[in-house]
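# I would like the atomic coordinates for the input below:
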Amino acid sequence: MKSAKRRSICPVACSLDIFGDKWTLLLIRDMACGKALFKEFAASPERIATNILTDRLERLVAGGLAESFVSQQGAGRGGYRLTAKGRSLLPVLSAIADWGLRHISGTEARLRPPSASR
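Down below sits the predicted model:
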């Protein structure tokens, strides 16, 4: 990731600069739940625009949270998967999901990422 000037030395602010927007967290959720292909991310219920999807995948790779790979099926098929650094965010994502289930009526845990200990 580009070495940008930090707004502060606060670890919360610096962390949010890396993964704090909704699309990035949803992509981390989707990768944790087994999605890997661009078209799978684009088909998520939240309907991310393809230009934003491209940008967020690039940011995840640049930040070391995800990596791109080429499928063994060949023909230019590839995808994205979480790195160890990205998987280390799964307890945070799980805590956000738990909070939402407790405090936002009408929510349900359809896509539940596996624990980070896997």
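
# Is the spatially most central residue of the chain in a helix, a strand, or coil?
By CA atoms, centre = their mean, the chain has its centre lying nearest to Ile28, at 1.8 Å. Classification of Ile28 using DSSP: H, G, I helix; E, B strand; the rest coil returns helix.

# again with Glu67
What three-state DSSP gives for Glu67 is strand.

# likewise Tyr80?
Tyr80 falls in the strand class when you classify it by three-state DSSP.

# Show the contacting residues for it.
Leu27, Met31, Ala36, Phe41, Leu57, Leu60, Val61, Ala66, Glu67, Ser68, Phe69 (CB atoms under 8 Å, 6 or more residues apart in numbering). Using the backbone N, CA and C atoms, a C-beta is placed for each residue, glycine as well.

# how much space between it and Ile28?
Noted for Tyr80: a distance of 10 Å to Ile28, by CB to CB, to the nearest Å.

# With Arg59 instead?
11 Å.

# Can you select the buried ones from the contacts of Tyr80 in PyMOL?
With 16 or more other CB atoms under 10 Å as the burial test, the buried ones among the contacts of Tyr80 are selected in PyMOL as follows:
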select buried, resi 27+31+36+41+57+60+61+66
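
# circling back to that earlier point, now the common contact residues for Tyr80 and Ile28.
Residues touching both Tyr80 and Ile28 (CB under 8 Å, 6+ apart): Leu60, Ala66.

# Cheers, nothing more for now.
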